[in-house]
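Engineer: predicted model, plus sequence, below.
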Amino acid sequence: MNSIHWHTKVFDELTVNELYDIMRLRTDVFVVEQNCPYPELDGKDKKCLHIFATKLDQVVACARIVPPGVSYPEISIGRVAVHADFRKDGYGRVLMQHAIDKIAEEFGEQAIQIGAQGYLKKFYGSFGFEPSSEEYLEDGIPHVDMIREAKHYWTKL
């Protein structure tokens with residue numbers, strides 16, 4: 001069986017092929033699938049820690065850890081994407097847990113802020129994220145800000 005491999009790299013450690021595959025997955029999910037033309041290359045990636053999974057040399061899941069003060073006052077997780085062919089395999093849950101664990105390991109236990117698409121509130125809520133804003137439209141898609149307080153680190157989810 002072909003296994004999945006998880007990687008965590010700062011921007012400058014990404015190979016050209018890894019960066020291309022991450023950008024392609026994010027564009028396929030956020031721009032093409034969701035029919036939402038927006039500037040995917042937002043200038044934040046160079047400051048982020050990138051978590052991604054490969055299977056048979058294909059990027060099947062990715063997310064970025066954004067330092068405090070870049071997107072929100074708190075550290076944040078963004079651009080969480082899983083290839084359509086792998087969504088039912090639980091990679092989204094594993095990806096989020098990897099991101100949360102990496103934040104605790106690299107930066108200490110602290111609050112994490114996200115901007116979640118509205119239909120994913122329950123998914124992110126299962127990791128301890130709670131809504132911190134009213135729902136709003138971002139690029140025509142309903143979103144809600146959510147925060148996971150540092151108190152959630154005392155137990156693994």
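Structural biologist: Received it, and whenever you're ready, just let me know what you need.

Engineer: what about this protein, any weak spots by pLDDT?
Structural biologist: Scanning the chain for pLDDT under 70 picks out 1-2, 152-157.

Engineer: ok, 80 please
Structural biologist: In the predicted model, the chain carries pLDDT under 80 at residues 1-2, 151-157.

Engineer: spell out which helix or strand contains the spatially closest residue to Gly140 that is not a sequence neighbour, please.
Structural biologist: Spatial nearest neighbour of Gly140, excluding adjacent residues (C-beta to C-beta, 6 or more residues apart in numbering): Cys36 at 6.3 Å. Every C-beta, even on glycine, is put in place using the N, C-alpha and C of the backbone. Assigned by DSSP states H and E, Cys36 belongs to no helix or strand.

Engineer: tell me how many other residues crowd Cys36.
Structural biologist: 14 (other C-beta atoms under 10 Å).

Engineer: and the one 10 residues further on, by the same measure?
Structural biologist: The number of residues packed around Lys46, counting by other C-beta under 10 Å, is 8.

Engineer: the one 4 residues further on too?
Structural biologist: Burial measure for His50: 20 neighbouring residues, criterion other C-beta under 10 Å.

Engineer: can you tell me what sits against whatever helix or strand it lives in?
Structural biologist: With elements taken from DSSP H and E, the one containing His50 is strand 49-55. Strand 49-55 is contacted by residues 2-11, 14, 18, 21-22, 59-65, 86, 91, 94-95, 98-99, 102, 106 when judged by C-beta atoms under 8 Å, 6 or more residues apart in numbering.

Engineer: out of these, which end up buried?
Structural biologist: 8-9, 14, 18, 21-22, 59-65, 86, 91, 95, 98-99, 102 (16 or more other C-beta atoms under 10 Å).

Engineer: from memory Gln58 sits against Phe86, does it?
Structural biologist: No: the criterion here is C-beta atoms under 8 Å, and Gln58 misses it with Phe86 at 9.2 Å.

Engineer: helix or strand next in line after the longest helix that the chain contains, which one?
Structural biologist: Longest helix of the chain, by residue count under DSSP state H: helix 91-107. Downstream of helix 91-107, the first helix or strand assigned by DSSP H and E is strand 112-117.

Engineer: only C-alpha atoms, please: export stretch 99-107 in CSV.
Structural biologist: Provided in CSV are the C-alpha atoms of stretch 99-107 (Å, rounded to 0.1, in the frame of the first residue of the first chain):
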residue,chain,number,x,y,z
ALA,A,99,-0.8,22.0,12.5
ILE,A,100,-1.9,22.4,16.1
ASP,A,101,0.8,20.1,17.4
LYS,A,102,3.5,21.9,15.3
ILE,A,103,2.3,25.3,16.8
ALA,A,104,2.6,23.9,20.3
GLU,A,105,6.0,22.4,19.6
GLU,A,106,7.6,25.4,17.8
PHE,A,107,5.9,28.3,19.5
